[in-house]
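Visitor: sequence plus predicted model, see below.
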Amino acid sequence: MDFKVADLSLAEFGRKEIRLAEHEMPGLMAVRKEYAASQPLRGARIMGSLHMTVQTAVLIETLVALGAEVRWVSCNIFSTQDHAAAAVVVGPDGTPDDPKGVPVFAWKGETLQEYWWCTEQALTWPDGGAPNMILDDGGDATLLVHKGAEYEKAGAVPPATADDPEEWHVIIDLLTRTVGPEKKWTKIAESIKGVTEETTTGVHRLYEMHKNGQLLFPAINVNDSVTKSKFDNKYGCRHSVIDGLNRATDVLIGGKVAVVCGYGDVGKGCADALRGQGARVIVTEIDPICALQAAMDGFQVTTLDEVVGIADIFVTATGNFNIITAEHMSRMKHQAIVSNIGHFDNEIDMAGLAKWPGVEKRNIKPQVDEWVFPDGHSIIVLAEGRLMNLGCATGHPSFVMSNSFTNQVIAQIELFTKTEDYPIGVYTLPKHLDEKVARLHLDALGVKLTTLTKEQAAYIGVHVEGPYKPDHYRY
Ligand SMILES: NC(=O)c1ccc[n+]([C@@H]2O[C@H](COP(=O)([O-])OP(=O)(O)OC[C@H]3O[C@@H](n4cnc5c(N)ncnc54)[C@H](O)[C@@H]3O)[C@@H](O)[C@H]2O)c1
Ligand SMILES: Nc1ncnc2c1ncn2CC[C@H](O)C(=O)O
């Protein structure tokens with residue numbers, strides 16, 4: 001079995017934490033039970049590109065329990081938990097000397113070249129075969145397959161330019177090496193029945209590709225299951241943004257001024273958490289509706305330019321780019337903490353910061369850097385601008401990820417077993433499955449649901465067993 005992880009001897013520790021996580025992931029354990037006999041993913045060859053954490057290990061082993069063959073990478077160079085990666089490779093029945101688990105290509109602290117090499121390895125089955133499903137988070141695996149097939153069709157790989165980001169140069173180098181007459185990427189694209197996408201930014205990429213007529217296979221937008229984005233994005237970040245700040249800096253948050261850029265699901269969770277710690281939270285927004293929500297939730301809403309000189313902590317959560325520029329950072333307080341919790345690192349202009357005349361980078365510890373400006377003031381940047389809850393901490397807890405990942409498993413089953421029902425396009429799961437995910441998580445929290453009478457159901461125009469809301473309902 002091919003794999004590349006940091007240290008297989010960490011597998012025992014990883015297995016202990018996976019066992020504890022299983023108890024906190026009732027949705028995944030329930031679908032393992034429900035589908036154990038029918039093995040709906042038998043024949044599925046799933047390539048996963050999603051943060052290789054303890055929680056993801058439970059997801060991977062659920063997919064295997066339902067019959068799938070799986071190969072896995074992380075979707076971020078800093079988010080892998082090495083003990084979880086080791087435990088997945090070794091597997092429940094293997095040993096570090098005789099691993100019997102799943103091929104994983106991931107370790108914390110990959111270079112960009114290594115990251116994309118890992119992605120290529122996971123997309124390449126050793127028997128010369130290819131995946132027939134992708135489970136993606138942020139769309140990097142989907143991008144590589146699409147660009148490879150595009151350039152094979154064009155017969156050439158366009159060179160990266162000086163204006164392109166470093167990562168694009170890495171991708172072009174990989175494709176220049178692998179695009180050729182054997183049509184590796186075209187074969188993979190033709191083998192893929194569909195992709196299930198985890199996060200807002202990845203979903204945005206899918207809708208753009210479909211709008212431009214570029215999407216080569218159907219996709220399920222897992223992010224917009226209510227039981228994903230209204231839970232993971234909001235309550236998950238509410239937990240893990242503080243975890244990231246504390247593990248990275250141990251700075252007291254109470255009494256400080258914190259700026260949250262973006263008041264969507266993630267920003268709402270972050271602002272709530274920072275207020276909970278006693279920070280005075282200021283929100284920036286472009287959207288009048290989200291800005292009004294923030295104002296009515298009691299937050300000051302203003303522009304970053306207005307507050308960049310008074311804030312102590314910055315968290316970007318927009319899914320957009322160049323939110324915090326080098327010029328902004330040059331005007332920040334001494335030792336202001338700058339962080340991003342959005343999917344990609346381009347929310348903070350790290351390239352611009354590195355080019356600032358006379359700036360000096362001092363590493364404090366892994367994923368914590370002090371950047372000193374010529375005037376002597378410095379800022380503290382977390383995880384090199386990459387998502388700090390996974391770069392500096394361990395991401396969301398198991399229970400909230402169980403909601404997200406139960407949606408992922410259901411989406412994989414839907415797309416793999418009913419492909420003919422999904423012509424190329426981007427879909428969300430039907431509401432009854434969304435409600436099913438919620439139901440699977442109620443007992444653990446001691447929730448007792450009220451049951452509609454037939455008359456009440458008729459009165460509000462729903463079935464006693466649901467769905468309880470129309471598709472246009474906003475939770
Ligand atoms: N780190 C994690 O664990 C985690 C979890 C879930 C989602 N995410 C990522 O976090 C990001 C945000 O996700 P979301 O679900 O909250 O998205 P969202 O679309 O719900 O919210 C983003 C908000 O940012 C606002 N915005 C956009 N550009 C802006 C700008 N220039 N200035 C101020 N506000 C701006 C938008 O109006 C929107 O309200 C995405 O990249 C998503 O993939 C990360
Ligand atoms: N613990 C986690 N394991 C895997 N992925 C995680 C974890 N915490 C946050 N994430 C990021 C995925 C999230 O659903 C997203 O949308 O980015």
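Guide: Structure received. Residues are numbered from 1 along each chain as shown. Ligands and ions are numbered 1, 2, ... in the order given.

Visitor: go through the strand or helix carrying residue 329 and flag the buried ones.
Guide: Assigned by DSSP states H and E, residue 329 belongs to helix 326-330. For helix 326-330, burial by neighbour count (16 or more other CB atoms under 10 Å) applies to 326, 328, 329, 330. C-beta: built from backbone N, CA, C; applies to glycine.

Visitor: ok, then the element right after that helix?
Guide: Per DSSP H and E, helix 326-330 leads on to strand 336-340 as the next helix or strand towards the C-terminus.

Visitor: re earlier: going by distance to residue 393, which of the buried residues of helix 326-330 wins?
Guide: Using CB to CB, residue 329 is the member of these that lies nearest residue 393, at 22.5 Å.

Visitor: nearest residue to the closest one in space, ignoring adjacent ones along the chain?
Guide: Leaving aside its sequence neighbours, residue 329 sits nearest to residue 379 (CB to CB, 6 or more residues apart in numbering; 5.4 Å).

Visitor: OK, contacts around the closest residue to residue 184 other than its chain neighbours?
Guide: The shortest distance from residue 184 to any non-neighbouring residue, by CB to CB, 6+ apart, is to residue 178 (5.8 Å). Each residue near residue 178 by CB atoms under 8 Å, 6 or more residues apart in numbering is listed here: 120, 148, 184, 185.

Visitor: buried stuff in the helix or strand containing the last one?
Guide: Secondary structure assignment for residue 185, by DSSP H and E: helix 184-191. Within helix 184-191, the residues that qualify as buried by neighbour count (16+ other CB under 10 Å) are 184, 185, 186, 188, 189, 191.

Visitor: return the distance of the fourth one relative to ligand 1.
Guide: Residue 188 is 24 Å from ligand 1, where distance means CB to the nearest ligand atom, to the nearest Å.

Visitor: hmm, back to that, I'd like the next helix or strand past the helix holding residue 185.
Guide: strand 194-197.

Visitor: which helix or strand lies directly C-terminal to that following strand?
Guide: helix 200-211.

Visitor: does that following helix reach ligand 1?
Guide: Yes: for helix 200-211, a contact with ligand 1 is found by CB under 6 Å from any ligand atom, at 200, 201.

Visitor: next one: stretch 274-283
Guide: No: using CB under 6 Å from any ligand atom, stretch 274-283 stays clear of ligand 1, coming no nearer than 8.4 Å.

Visitor: send the alpha carbons of that stretch over as CSV?
Guide: Output of stretch 274-283 as CSV, limited to C-alpha atoms (Å, rounded to 0.1, in the frame of the first residue of the first chain):
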residue,chain,number,x,y,z
LEU,A,274,-15.1,36.8,20.6
ARG,A,275,-17.8,38.7,22.4
GLY,A,276,-18.2,35.7,24.7
GLN,A,277,-14.6,36.2,25.7
GLY,A,278,-15.2,39.8,26.5
ALA,A,279,-13.8,41.4,23.4
ARG,A,280,-15.4,44.5,21.9
VAL,A,281,-16.2,43.1,18.5
ILE,A,282,-16.4,45.2,15.3
VAL,A,283,-17.7,43.7,12.1
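
Visitor: buried stuff in it?
Guide: Those would be 274, 275, 277, 279, 280, 281, 282, 283, for stretch 274-283 by 16+ other CB under 10 Å.

Visitor: for the fifth one, give me its contacts.
Guide: With contacts defined as CB under 8 Å, 6+ apart, residue 280 is in contact with 255, 256, 257, 258, 300.

Visitor: if you set the cut-off to 7 Å instead, what comes out?
Guide: Listed by CB atoms under 7 Å, 6 or more residues apart in numbering, the contact partners of residue 280 are residue 257.

Visitor: likewise for residue 48?
Guide: Residue 48 makes contacts with 60, 70, 72, 135, as judged by CB under 7 Å, 6+ apart.

Visitor: so for the residue of the stretch 201-350 of the chain at minimum distance from ligand 2, what's the nearest residue that isn't a sequence neighbour?
Guide: Going by CB to the nearest ligand atom, ligand 2 is nearest to residue 232 of the stretch 201-350 of the chain, at 4.5 Å. Take residue 232 and drop its neighbours on the chain: the residue closest to it by CB to CB, 6+ apart is residue 404, 4.4 Å away.

Visitor: what does residue 238 give?
Guide: Closest to residue 238 by CB to CB, 6+ apart is residue 269, at 3.7 Å.

Visitor: name the residue of the stretch 101-250 of the chain that lies nearest to ligand 2.
Guide: For the stretch 101-250 of the chain and ligand 2, the shortest gap (CB to the nearest ligand atom) falls at residue 199, measuring 3.2 Å.

Visitor: and that residue, backbone torsions?
Guide: Dihedral pair for residue 199: phi -130, psi 160, per degrees, to the nearest 10.

Visitor: thought residue 140 was touching it, still the case?
Guide: No: using CB atoms under 7 Å, residue 199 is not in contact with residue 140; the gap is 11.1 Å.

Visitor: for the closest residue to ligand 2 within the stretch 301-450 of the chain, pull up the helix or strand it's in.
Guide: Nearest residue of the stretch 301-450 of the chain to ligand 2 (CB to the nearest ligand atom) works out as residue 395 at 2.7 Å. According to DSSP H and E, residue 395 maps onto no helix or strand at all.

Visitor: any idea how far it is from residue 168?
Guide: From residue 395 over to residue 168 the distance is 26 Å, taken as CB to CB, to the nearest Å.

Visitor: so between the two, which is more surrounded?
Guide: Comparing residue 395 with residue 168 by other CB atoms under 10 Å, the one with more neighbours is residue 395, at 26 against 14.

Visitor: is it true that that one touches residue 50?
Guide: No: the pair residue 395 / residue 50 is not scored as a contact, 10.7 Å apart, by CB under 7 Å.

Visitor: what comes up buried for the longest helix belonging to the chain?
Guide: Across the chain, the helix with the greatest residue count (assigned by DSSP state H) is helix 398-417. Burial within helix 398-417, assessed by neighbour count using 16+ other CB under 10 Å, is assigned to 398-417.

Visitor: run the contact check for that helix versus ligand 2.
Guide: Yes: in terms of CB under 6 Å from any ligand atom, part of helix 398-417 sits within range of ligand 2, namely 401, 404.

Visitor: parallel or antiparallel, list what pairs with the helix or strand that comes right after that helix.
Guide: Downstream of helix 398-417, the next assigned helix or strand under DSSP H and E is strand 426-427. Strand 426-427 has the following strand partners under DSSP bridges: strand 219-221 (parallel).
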